[in-house]
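Q: Have a look at this fold, sequence not included:
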């Protein structure tokens, strides 16, 4: 085809390799660097403690009636902001055709706008460093955590609240300010968000980056070490980090890529999931109270309201609703090394808020206390995780979920090595062994890897680099 | 990581390469085979003419009132089947923030169940052959076209209409009957379907396949030749064929893969598309008549009803609604060979029925007669397609869209080679140069390549193999 019209020789010089092998190697070099050009990890800890103490923050629970510019809409009872932007709390009605729970109602956050979660990177002394921010979010149990360079909702950068600019945002919205390392829309918590996606970006700065006191450059190796701290590296950082290309995609795996994709397609087709937004006012099984909207059995989560006073955010004080989970979560990957290649056992998960039926989640992802009265509904492999031999636990830390929307939403993240007596090579329906390299390939695209699995993938990447 | 627990040596023998290079080579051999083990292409044409004449079919337009088991729902005016299955015709209200049309209402088909479009393949004399079916669909202008081995809605294979089994379906629903060559959920027409996806599958049969008089084995090379016929290879065949892995993914392209994915992510984030299903009864701008629901200006399409009498379908007669477009469509890829690598100019298209905001479509995809009174809204590059030098037209044929849902929905598909004066390397916003190899990589995943672009990709693959 296309043979008798002239080629464009001038364009030949503009062609580029589709894959940039050097980039993965550069990221690997950063992952191997345990000290940074801008100080040791201990230096960072001192800086972080200083930043966390530099501002006084205060978060108070308030009744919904004291929310400023937020109110329950007369017709629907939905909790909305007077600007019509940010997000709303609405009701979700879901029916599914598999599993122990076939139909349910719940409050859910609707936030249709795509936000940006971006990390700026730059080489110092030949090693890529990541610009991380000490940032307060009202829902974090310790308030200040380590966030990406930029966390911006569209409302943020459209300046709906008339606050100051989001620092460094221009690297992620304007072309020519840097080179894209990763850029993919990823889902957030499908149990709490209705079809929410954020743009996960890593951009390498072309020029000098002006410093700021709330930001610190770290190597991937330093961040990997900090990922072992409880409640330090925030969710937005973890999901962006999971999207970094890693070197040495395994050539072999238990399944070929096409068989893996076929299994995912079959899981999507197998589940008939119907969801619809319904008014929050009349949600069966949920009780509206002055300070909270609760499940009638005290399970799952509550909707609450807080007031926030802070000195160094875009605006100095505000009120907002948050979702407060009941009980602590568990998110665990069971792993095996098969023929020398690390594999993780993923679960095809239906969550009411997913755009496309299922995504791959951790082997176990749940709040165990929700099953106290229904032991028969306990998820597969939860017992194994709760009784794991400590010698088999390869990774363990408590992380909290997005502190801008969730209050004290802590989960224990674990990576546990298993053997054939615990996790058979032919797992139960809905589970599949996926190699670390395959998971890294999938996370380049939307709708494959859920946010909890992405946290664990970021940890796997860090562990792999440290080994 | 994972270092001090024993490896699983027994599993090592079960590991497989993630990519099967031999498969792409085998498909290339089939694409190069212009004659098949089951006869020449002329033999096929005689067989096909005989099959088309073997049964008498009759399709008549009827008023909606004569539909059997289909009726307008009292509260919504939606057109529904009494079983609650198959599909419904509802209303769509869409608002977008870019382009000449910012808000519109239209009827749309809602069919939430995932169907299977499957082609069975098998080696004869060392060459892969594809099992194709002579199949009547009431909306086809010539009624009988060449379809995949299996076209089955979930209602089909759940036997809602109590008809006969779908032949060869077991190869696509049971494991162990064959080896998966391709398996991906792909969108259908976003202008006419609300979030419809079908499972596009190619499966290689492990054992002998029983013959049937309505089915014929063809090489990819034979199908490629037949793709030059008007109204012969049906839409379902074309989309499945586009998902076949092709050899020799180009190593170089105008953009790296990450820059291409980043552009797609940016296009998804740039567009704010809001859609909601609304009652069909009260759709602004649409007029309900006894035989049709029409746009008040006679544009776009109508909803109509037909009765069908046939001898060799699953059931022998039925009635159903169809969507009948006004005017013939045009779907064209403008191409350039850049540095020896074939590229096509894709458009990031917003269609109201897409699940995820945008998909990549042909350079031009429209019904030109819709713009007669609005020349200012004519799509970019349409003039170039309509006035193309015949010597630059590399491919041209009229194909019809899914005849089970659309009546006489014909479009002219074109591949036109261009030069720098016509299609600059830096195209207008919303357009991008993508290499043939990149398009093939994207079509392995959902939500990237729309159904019209997939038809053109199937043609590009055939042209590439023939060259």
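A: Perfect, thanks for sending it. All of these numbers come straight from a predicted model, not from anything done at the bench.
Q: use CA for all of it now, contacts and neighbours both
A: Fine.
Q: Spell out which residues of the stretch 51-200 of chain A are next to chain B.
A: A:113-114, A:180-185, A:199 (Cα under 8 Å from any Cα of the partner chain).
Q: any chance of those residues in a markdown table, with neighbour count, distance to residue B:412 and secondary structure too?
A: Shown next, in a markdown table, are these (neighbours: other Cα atoms under 10 Å in any protein chain shown; distance: Cα to Cα, whole Å; DSSP: H, G, I helix; E, B strand; the rest coil):
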| residue | neighbour count | distance to residue B:412 | secondary structure |
| --- | --- | --- | --- |
| A:113 | 20 | 37 | coil |
| A:114 | 21 | 36 | coil |
| A:180 | 21 | 38 | strand |
| A:181 | 22 | 39 | strand |
| A:182 | 24 | 38 | strand |
| A:183 | 29 | 35 | strand |
| A:184 | 25 | 34 | strand |
| A:185 | 26 | 34 | strand |
| A:199 | 27 | 37 | strand |
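Q: For residue A:111, list the residues it contacts.
A: A:86-88, A:193-196 (Cα atoms under 8 Å, 6 or more residues apart in numbering or on different chains).
Q: which one among these gets closest to chain B?
A: When the contacts of residue A:111 are ranked by distance to chain B (Cα to the nearest Cα), residue A:195 comes first, at 10.1 Å.
Q: Now do the phi/psi pair for the closest one.
A: Here is the backbone geometry of residue A:195 (degrees, to the nearest 10): phi 60, psi 40.
Q: same deal with residue A:46?
A: Torsion angles at residue A:46 (phi, psi; degrees, to the nearest 10) stand at phi -60, psi -50.
Q: ditto for the one 10 residues further on
A: Phi and psi for residue A:56, reported as degrees, to the nearest 10, are phi -100, psi 130.
Q: ok, now the one 5 residues further on?
A: Note on residue A:61: backbone dihedrals following degrees, to the nearest 10 are phi -70, psi 140.
Q: Hmm, residue A:303 and it touching each other?
A: No: if you go by Cα atoms under 8 Å, residue A:61 and residue A:303 don't touch, sitting 11.2 Å apart.
Q: Pick out whichever of the two has more residues nearby.
A: residue A:303 (24 against 16; other Cα atoms under 10 Å in any protein chain shown).
Q: does that one sit in a helix or strand, and which one?
A: strand A:301-309 (DSSP states H and E).
Q: what's the farthest-apart pair in the contacts of residue A:111?
A: A:86 and A:195 (14.6 Å; Cα to Cα).
Q: returning to that earlier point: could you say what helices and strands the helix or strand that the strand holding residue A:303 is followed by packs with?
A: Per DSSP H and E, the first helix or strand lying C-terminal to strand A:301-309 is strand A:317-325. Packing contacts for strand A:317-325, counted by 3 or more Cα pairs under 8 Å, 6 or more residues apart in numbering or on different chains; DSSP states H and E, involve strand A:301-309.
Q: Strand A:317-325 and the strand it packs on, what's the angle between them?
A: 160 degrees (axes from the mean of the first three to the mean of the last three Cα atoms, to 10 degrees).
Q: And the contacts of the strand holding residue A:303?
A: Strand A:301-309 has contacts (Cα under 8 Å, 6+ apart) with A:57-64, A:67, A:107, A:138, A:291-295, A:316-326.
Q: and if we set it to 7 Å?
A: Here strand A:301-309 makes contact (Cα atoms under 7 Å, 6 or more residues apart in numbering or on different chains) with A:57-64, A:138, A:291-295, A:316-326.
Q: about what we covered before: highest neighbour count among the contacts of residue A:111?
A: Top of the contacts of residue A:111 by neighbour number is residue A:194, holding 28 neighbours under the definition other Cα under 10 Å.
Q: tell me the domain boundaries of chain A?
A: Split into domains by automatic domain parsing, chain A comes to A:19-57+A:113-242, A:257-274+A:327-466.
Q: can I assume residue A:365 sits in a helix?
A: No: read with DSSP: H, G, I helix; E, B strand; the rest coil, residue A:365 is strand and lies in no helix.
Q: nearest residue to it other than its sequence neighbours?
A: residue A:331 (4.4 Å; Cα to Cα, 6 or more residues apart in numbering or on different chains).
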